[in-house]
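# give me coordinates for this.
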Amino acid sequence: LRLPRRGFHNPFRREYQWLNLYKLDSWINQGRIDASKLITMKTLRDTGAISSKIKDGVKILGGGHENFKHKIFIEVSSVSSLAREAIEKAGGQVHLVYYNKLGLRALMKPWRFDLMPFPARPPPKLRPLFEYVGRLPEPDTPLPSEGLSKR
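Presented below is the predicted three-dimensional model:
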């Protein structure tokens, strides 16, 4: 018996690894993540807050937003509106950063590259979703909040 395929599979869909604020709060309270430093997707992966299989980036979700009190500076691919409100209410900053597949691989595993690739700009359809182009190698300092020039 053969059945027809139904529906539509979007080959351009972006698959984010998600992380709720309550887990991020728990990791900071346990001392696994240092809230005083810049938190990148590499930091989240290296500490075990998310799995190592990051396809298109990391999305921060708002689960536990009412209890989140840490002032953090974080660079991720996407963030929900509840999570952004909670982080900014605590005095932190969220930056949406674009990395293509090669750039994300260079961010996660820099020892595999003799020469670091140049960060790629997002395609025109995705430009409204991101604020900045990712920085390689992994940045140590957060982006300044005023007077930013988008690359």
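# please count neighbours and contacts with C-alpha atoms only from this point.
Noted.
# mind listing what the residue nearest to Lys23 when sequence neighbours are not counted touches?
Excluding the flanking residues, the one nearest Lys23 by C-alpha to C-alpha, 6 or more residues apart in numbering is Ala49, at 7.3 Å. Residues near Ala49 by C-alpha atoms under 8 Å, 6 or more residues apart in numbering: Leu19, Lys23, Leu24, Trp27.
# for Gly92, same thing?
His70, Lys71, Ile72, Phe73.
# tell me the SS of the residue nearest to Lys23?
Following DSSP: H, G, I helix; E, B strand; the rest coil, Ala49 is assigned to coil.
# burial of the nearest residue to Ile54 once chain neighbours are set aside, as a residue count?
Closest residue to Ile54 apart from its sequence neighbours, by C-alpha to C-alpha, 6+ apart: Gln17 at 5.9 Å. Counted by other C-alpha atoms under 10 Å, the residues lying close to Gln17 total 19.
# what sits against Gly134?
The neighbours of Gly134, taking C-alpha under 8 Å, 6+ apart as the test, are Val97, Tyr98, Tyr99, Gly103, Pro119, Ala120.
# now Glu131
Neighbour list for Glu131: His95, Leu96, Val97, Tyr98, Lys150 [criterion: C-alpha under 8 Å, 6+ apart].
# just the buried ones from those?
If you count burial by 16 or more other C-alpha atoms under 10 Å, the buried members of these come out as His95, Leu96, Val97, Tyr98.
# can I get these in CSV including pLDDT and secondary structure?
Listed next are the buried ones among the contacts of Glu131 as CSV, based on pLDDT from 0 to 100; DSSP: H, G, I helix; E, B strand; the rest coil:
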residue, pLDDT, secondary structure
His95, 95, strand
Leu96, 95, strand
Val97, 95, strand
Tyr98, 95, strand
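# mind checking how far the most centrally placed residue in the chain is from Arg105?
Geometric centre of the chain, nearest residue: Val76, 1.8 Å, by C-alpha atoms, centre = their mean. Distance of Val76 to Arg105, given as C-alpha to C-alpha, to the nearest Å: 15 Å.
# Ile60 - that's part of a strand, no?
Yes - according to three-state DSSP, Ile60 belongs to a strand.
# my guess is it contacts Leu24, does it?
No - counting by C-alpha atoms under 8 Å, Ile60 does not reach Leu24; the two are 9.1 Å apart.
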